[in-house]
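Engineer: quick one, structure for this:
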Amino acid sequence: MGKDSPRASRRGRAPRRERHKRVLVVTGGVKTEPEYLAHINTQVRSAGLAVQVAKSGKDPVRLVDEAIRRAHEEARQAKMAGDAANVFDEVWVMFDVDDFANSIPEALAHAENAGVRCAMSNPCFELWLLWHVRDSAGHLATKDAQQKAIAAGAATGHGGKAVGLSTIQGNYGAARARAEQARATHTAAGRVFPHDNPRSDVDLFIEYLIEAGKASRPDETIHL
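Structural biologist: Coordinates of the predicted model:
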């Protein structure tokens, strides 16, 4: 066989490694949300996904700015390395309403214009954790949502700032169903932000990961 044959040229070529689908999430929380997302990352890696978490602790508008900045910097570095396609496949921000109600509309519009997706919780992320364990359909203040999450074991540790992973694991389906029902109830009643309390869109982010995982590695199952 000649040395210039296609088969000969392929023999010495290193196998091409599959690139994980890369997702950036910039979160306003600096403790609870990053811990939860680190857990999610361990669950989705086998499906060919890699979630990069950046914690900011800033208001939602600046979170979007930070997400845009990081995405642009990643693209710049990839281009310099001669691998311009190795950029974030999706960019998300995750934030609570809490004390930021006045800036939320600007943040949402800014994100939409920049192609950044949002996972907002009203009033707070602890609502999403709580929905893994029990329903809570009425309006909630942030403190009430946090206390209910602690009581249910969905939030633990000092000040309830740790995630009760052993409690929420395996209950994603229940949390998603409650989040969907809440959105449907608000829509039916004509309620829009800021009157859509309780609401959490974290399930939209998780569903994106699940669907991306199915497309990347159909034989892998993500256990949440």
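Engineer: all strands of the chain, in order?
Structural biologist: Ranges of strands within the chain are 21-27, 49-55, 90-96, 117-122, 155-156, 162-163, 199-200, based on DSSP state E.
Engineer: and the helices in this structure, which stretches?
Structural biologist: 6-11, 32-44, 60-80, 104-114, 125-130, 142-151, 165-168, 172-189, 202-216 (DSSP state H).
Engineer: return the most buried member of those.
Structural biologist: Highest mean neighbour count of those: helix 125-130, a mean of 30 (counted as mean count of other C-beta atoms under 10 Å). To be clear about C-beta, it is placed using only N, CA and C from the backbone, and glycine gets the same treatment.
Engineer: just send the strands of the chain back as a markdown table, with mean neighbour count, mean pLDDT and distance to Asn41 too.
Structural biologist: Shown next, in a markdown table, are those (neighbours: other C-beta atoms under 10 Å; pLDDT from 0 to 100; distance: least, C-beta to C-beta, whole Å):
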| stretch | mean neighbour count | mean pLDDT | distance to Asn41 |
| --- | --- | --- | --- |
| strand 21-27 | 23 | 96 | 9 |
| strand 49-55 | 19 | 95 | 4 |
| strand 90-96 | 25 | 97 | 13 |
| strand 117-122 | 23 | 98 | 15 |
| strand 155-156 | 21 | 98 | 19 |
| strand 162-163 | 20 | 98 | 13 |
| strand 199-200 | 24 | 98 | 19 |
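Engineer: could you dump these to TSV with distance to Gln181?
Structural biologist: Listed next are the strands of the chain as TSV, based on distance: least, C-beta to C-beta, whole Å:
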stretch	distance to Gln181
strand 21-27	25
strand 49-55	26
strand 90-96	20
strand 117-122	15
strand 155-156	21
strand 162-163	23
strand 199-200	11
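Engineer: which residues of the chain score low on pLDDT?
Structural biologist: 1-19 (pLDDT under 70).
Engineer: for Ile68, find the nearest of the strands of the chain.
Structural biologist: Ranking the strands of the chain by proximity to Ile68 (C-beta to C-beta) places strand 90-96 first, at 7.7 Å.
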